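**Q** structure for the following, please:
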Amino acid sequence: TRPTRFGAGHLVALLLAAMAVGLVWLARVTPPAKAAPLKAEVVKLDDLKKELGGKKGHVVVLHLWATWCLPCLEELPFVGKFAERARPRGVEVLSYSIDQVTPELPARVSQLITSKARGALTRRIVRVDDPDVFVTAIDPTWEGTIPALFAYDHTGKLRGSLTGDAALKELEPLVDGLVK
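**A** From the prediction side, this is the model:
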């Protein structure tokens, strides 16, 4: 018997098959490329007020927190879940860190929103130049305690607030009364 000889066509087919197997193997062992992480945006008090004013027609919850505040960090998962459930009902949750701005802060805020709130909250930091002016601009009756949640009706009027260790069960009824 004569040995089987491969022609050029057989050799090309064999090479293509080997390349296909190699590509499949490579795809299974190579992790997907990671997208660049989103960084939080630093804004001024006027920008925050402008954003709130631009949400008329919607129920809005303003969430204020800080990376150094343990109750704030513990509350992030609850506020993130609330934002996910409230969004289909037309409720917008605007989350702002009130930390002192540093070069590292935007990445830290973004990382916390991603890991603790499953990315469901806005990634913003409000620059607080004068704490007294800031507190009064948000709510003249607010003492500056965080975490803080402020509920605005569809006309943009502040209708209620929760400060300190506010649980999701307290936030739901506050907002339910505003959603029509």
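**Q** ok now the host helix or strand of Leu76, how far from the chain's centre?
**A** Applying DSSP states H and E as the criterion places Leu76 in helix 70-86. Helix 70-86 sits 10 Å away from the centroid of its parent chain (Cα atoms, centre = their mean, to the nearest Å).
**Q** packing partners of that helix?
**A** strand 59-65, strand 91-97, helix 105-116, helix 168-176 (3 or more Cβ pairs under 8 Å, 6 or more residues apart in numbering; DSSP states H and E). In this view, the C-beta of every residue, glycine as well, is placed from N, C-alpha and C.
**Q** contacts made by the first one with the rest, please.
**A** Taking Cβ atoms under 8 Å, 6 or more residues apart in numbering as the criterion, the residues outside strand 59-65 that touch it are 48, 52, 72-73, 75-76, 79, 82-83, 86, 90-98, 121, 126, 138, 146-154, 156, 171, 175, 178-179.
**Q** ok, Trp142 to Thr114 distance?
**A** From Trp142 across to Thr114, the span is 28 Å (Cβ to Cβ, to the nearest Å).
**Q** ok, Val43 next?
**A** With Cβ to Cβ as the criterion, Val43 and Thr114 are 19 Å apart.
**Q** again, but for Ile138
**A** 26 Å.
**Q** can you give me the neighbour number for Glu104?
**A** By the criterion of other Cβ atoms under 10 Å, Glu104 has 8 neighbours.
**Q** most centrally placed residue in the chain?
**A** Leu121 (3.0 Å; Cα atoms, centre = their mean).
**Q** which SS class is it?
**A** For Leu121, the assignment made with DSSP: H, G, I helix; E, B strand; the rest coil gives coil.
**Q** dig out what the nearest residue to it once chain neighbours are set aside forms beta bridges with.
**A** Leaving aside its sequence neighbours, Leu121 sits nearest to Ser95 (Cβ to Cβ, 6 or more residues apart in numbering; 3.8 Å). Taking DSSP bridges as the rule, Ser95 bridges to His63.
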